[in-house]
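Visitor: Next one to model:
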Amino acid sequence: MINGKVHSWEQISVYLNGVPIAGIKEINYKSEREAEAIYGAGKYPLGVGTGNYKVEGDITLTKEEYDKLMAVIKADGGLSIYNLVPVDIVVVYSDPVRTGNVYTFQPNPLRTEVIKNAVFTSEEWGHSQNDKESVVKLSFIAEKMEVGA
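Guide: From the prediction side, this is the model:
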(Lines give C-alpha, C1' and ligand atoms only; values in the text may rest on other atoms or scores of the structure.)
Protein backbone atom coordinates (compact mmCIF):
# COMPACT_ATOMS: atom_id res chain seq x y z
CA MET A 1 0.00 0.00 0.00
CA ILE A 2 1.35 3.42 -0.97
CA ASN A 3 -0.36 6.48 0.55
CA GLY A 4 -3.36 4.35 1.47
CA LYS A 5 -3.74 3.05 -2.11
CA VAL A 6 -3.57 -0.63 -3.05
CA HIS A 7 -2.26 -0.80 -6.61
CA SER A 8 -3.47 -3.11 -9.34
CA TRP A 9 -1.50 -4.42 -12.30
CA GLU A 10 -2.90 -1.68 -14.59
CA GLN A 11 -1.26 0.99 -12.43
CA ILE A 12 2.25 -0.49 -12.68
CA SER A 13 4.59 0.36 -15.56
CA VAL A 14 7.91 -1.34 -16.25
CA TYR A 15 10.79 0.23 -18.18
CA LEU A 16 13.94 -1.39 -19.52
CA ASN A 17 16.68 1.25 -19.78
CA GLY A 18 13.99 3.93 -19.98
CA VAL A 19 11.90 2.18 -22.67
CA PRO A 20 8.38 1.16 -21.60
CA ILE A 21 7.69 -2.57 -21.92
CA ALA A 22 4.12 -2.97 -23.20
CA GLY A 23 4.23 -6.77 -23.55
CA ILE A 24 5.13 -7.54 -19.96
CA LYS A 25 3.03 -10.24 -18.30
CA GLU A 26 4.77 -10.56 -14.95
CA ILE A 27 7.79 -9.34 -12.98
CA ASN A 28 9.24 -10.78 -9.79
CA TYR A 29 12.30 -9.56 -7.94
CA LYS A 30 13.87 -9.80 -4.51
CA SER A 31 16.92 -8.78 -2.57
CA GLU A 32 18.58 -11.02 -0.05
CA ARG A 33 21.45 -10.81 2.44
CA GLU A 34 23.10 -13.85 3.97
CA ALA A 35 22.94 -14.04 7.75
CA GLU A 36 23.68 -16.77 10.25
CA ALA A 37 23.97 -17.22 13.97
CA ILE A 38 27.55 -17.22 15.32
CA TYR A 39 28.20 -19.66 18.16
CA GLY A 40 30.86 -19.99 20.83
CA ALA A 41 30.64 -21.67 24.20
CA GLY A 42 27.13 -22.82 25.13
CA LYS A 43 24.01 -23.38 23.08
CA TYR A 44 23.00 -19.77 22.45
CA PRO A 45 24.40 -17.67 19.63
CA LEU A 46 26.83 -14.90 20.48
CA GLY A 47 25.44 -12.78 17.66
CA VAL A 48 24.61 -12.77 13.98
CA GLY A 49 27.16 -12.58 11.18
CA THR A 50 26.15 -11.20 7.83
CA GLY A 51 27.45 -11.98 4.37
CA ASN A 52 26.80 -11.11 0.77
CA TYR A 53 23.85 -9.17 -0.64
CA LYS A 54 22.19 -10.22 -3.89
CA VAL A 55 19.29 -9.23 -6.13
CA GLU A 56 17.58 -11.63 -8.49
CA GLY A 57 14.31 -11.95 -10.32
CA ASP A 58 12.51 -12.71 -13.53
CA ILE A 59 10.39 -10.95 -16.09
CA THR A 60 7.81 -12.65 -18.32
CA LEU A 61 7.19 -11.11 -21.75
CA THR A 62 4.89 -11.91 -24.62
CA LYS A 63 6.73 -13.65 -27.45
CA GLU A 64 6.15 -10.53 -29.57
CA GLU A 65 7.80 -8.24 -26.97
CA TYR A 66 10.69 -10.70 -26.61
CA ASP A 67 11.12 -10.66 -30.42
CA LYS A 68 11.30 -6.82 -30.38
CA LEU A 69 14.01 -6.96 -27.69
CA MET A 70 15.95 -9.55 -29.67
CA ALA A 71 15.71 -7.41 -32.83
CA VAL A 72 17.39 -4.53 -30.94
CA ILE A 73 20.12 -6.85 -29.65
CA LYS A 74 20.75 -8.35 -33.09
CA ALA A 75 20.80 -4.90 -34.74
CA ASP A 76 23.69 -4.04 -32.38
CA GLY A 77 25.57 -7.22 -33.34
CA GLY A 78 24.50 -9.47 -30.48
CA LEU A 79 23.30 -13.04 -30.90
CA SER A 80 21.32 -13.67 -27.72
CA ILE A 81 19.84 -12.08 -24.60
CA TYR A 82 23.19 -12.79 -22.93
CA ASN A 83 24.85 -10.19 -25.19
CA LEU A 84 22.70 -7.38 -23.76
CA VAL A 85 24.73 -4.96 -21.64
CA PRO A 86 23.59 -4.58 -17.99
CA VAL A 87 20.27 -2.70 -17.92
CA ASP A 88 18.23 -0.84 -15.33
CA ILE A 89 14.71 -2.19 -14.81
CA VAL A 90 12.38 0.45 -13.37
CA VAL A 91 8.99 -0.38 -11.86
CA VAL A 92 6.70 2.65 -11.47
CA TYR A 93 3.54 2.68 -9.33
CA SER A 94 1.10 5.33 -10.54
CA ASP A 95 -2.36 6.71 -9.87
CA PRO A 96 -4.61 8.02 -12.59
CA VAL A 97 -5.11 11.79 -12.42
CA ARG A 98 -8.63 12.93 -11.55
CA THR A 99 -10.02 15.80 -13.63
CA GLY A 100 -13.53 16.77 -12.52
CA ASN A 101 -15.64 13.62 -12.61
CA VAL A 102 -13.31 11.49 -14.72
CA TYR A 103 -9.90 9.87 -14.40
CA THR A 104 -7.32 10.40 -17.10
CA PHE A 105 -4.65 7.83 -17.76
CA GLN A 106 -1.69 10.16 -17.59
CA PRO A 107 0.41 8.55 -14.87
CA ASN A 108 0.92 10.35 -11.58
CA PRO A 109 4.05 8.57 -10.27
CA LEU A 110 3.96 7.81 -6.57
CA ARG A 111 6.97 5.56 -6.22
CA THR A 112 9.61 3.81 -8.26
CA GLU A 113 11.72 0.75 -7.65
CA VAL A 114 14.97 0.59 -9.61
CA ILE A 115 16.77 -2.68 -10.25
CA LYS A 116 20.30 -1.55 -11.14
CA ASN A 117 22.53 -3.21 -13.72
CA ALA A 118 20.46 -6.33 -14.34
CA VAL A 119 22.08 -9.11 -16.38
CA PHE A 120 19.91 -11.83 -17.89
CA THR A 121 20.95 -15.35 -16.88
CA SER A 122 18.32 -17.64 -18.44
CA GLU A 123 15.50 -17.82 -20.96
CA GLU A 124 12.52 -20.13 -20.56
CA TRP A 125 9.73 -20.96 -23.01
CA GLY A 126 6.67 -23.04 -22.25
CA HIS A 127 3.58 -23.91 -24.21
CA SER A 128 0.45 -25.77 -23.14
CA GLN A 129 -2.68 -27.00 -24.82
CA ASN A 130 -5.27 -24.22 -25.16
CA ASP A 131 -2.75 -21.43 -24.55
CA LYS A 132 -3.96 -18.12 -25.96
CA GLU A 133 -0.48 -16.62 -26.21
CA SER A 134 3.20 -17.50 -26.09
CA VAL A 135 5.43 -16.06 -23.40
CA VAL A 136 9.13 -16.04 -22.57
CA LYS A 137 10.45 -15.86 -19.01
CA LEU A 138 13.83 -14.14 -18.55
CA SER A 139 15.68 -14.57 -15.25
CA PHE A 140 18.21 -11.99 -14.08
CA ILE A 141 20.65 -11.04 -11.37
CA ALA A 142 21.41 -7.42 -10.54
CA GLU A 143 23.82 -5.17 -8.67
CA LYS A 144 21.30 -3.66 -6.26
CA MET A 145 17.70 -2.58 -5.81
CA GLU A 146 16.67 0.95 -4.89
CA VAL A 147 13.19 0.83 -3.37
CA GLY A 148 11.17 4.02 -3.24
CA ALA A 149 13.72 5.93 -5.27
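Visitor: switch to C-alpha atoms for all contacts and neighbour counts from now on
Guide: Fine.
Visitor: Please report the distance of N101 from H7.
Guide: Per Cα to Cα, to the nearest Å, N101 is found 21 Å from H7.
Visitor: Show me which of these two is the more surrounded one.
Guide: H7 (13 against 6; other Cα atoms under 10 Å).
Visitor: Report pLDDT for the residue lying closest to H127 once chain neighbours are set aside.
Guide: Of all residues beyond its chain neighbours, the one nearest H127 is S134 (6.7 Å), with distances taken as Cα to Cα, 6 or more residues apart in numbering. According to the prediction, S134 has pLDDT 94.
Visitor: for the longest strand belonging to the chain, which positions count as buried?
Guide: If you go by DSSP state E, the chain has its longest strand at strand 102-126. By neighbour count on 16 or more other Cα atoms under 10 Å, the buried set for strand 102-126 is T112, E113, V114, I115, K116, N117, A118, V119, F120, E123.
Visitor: What ranges does the protein have for its helices?
Guide: 63-75 (DSSP state H).
Visitor: which intervals of it have sub-threshold pLDDT?
Guide: For the chain, applying pLDDT under 70 flags the ranges 1-5, 96-98, 103-109, 149.
Visitor: all strands for it, in order.
Guide: Using DSSP E, strands in the chain cover 12-16, 19-20, 24-39, 45-62, 87-99, 102-126, 135-142, 144-147.
Visitor: for the longest one, packing partners?
Guide: Using 3 or more Cα pairs under 8 Å, 6 or more residues apart in numbering; DSSP states H and E as the contact definition, the elements that strand 102-126 packs against are strand 87-99, strand 135-142, strand 144-147.
Visitor: Just checking: what are the partner strands of that strand?
Guide: Within its sheet, and counting by DSSP bridges, strand 102-126 is paired with strand 87-99 (antiparallel), strand 135-142 (antiparallel), strand 144-147 (antiparallel).
Visitor: and the residue nearest to V85 when sequence neighbours are not counted, bridged to which residues?
Guide: Spatial nearest neighbour of V85, chain neighbours left out: V119 (7.2 Å); criterion: Cα to Cα, 6+ apart. V119 has these beta-bridge partners by DSSP bridges: I141.
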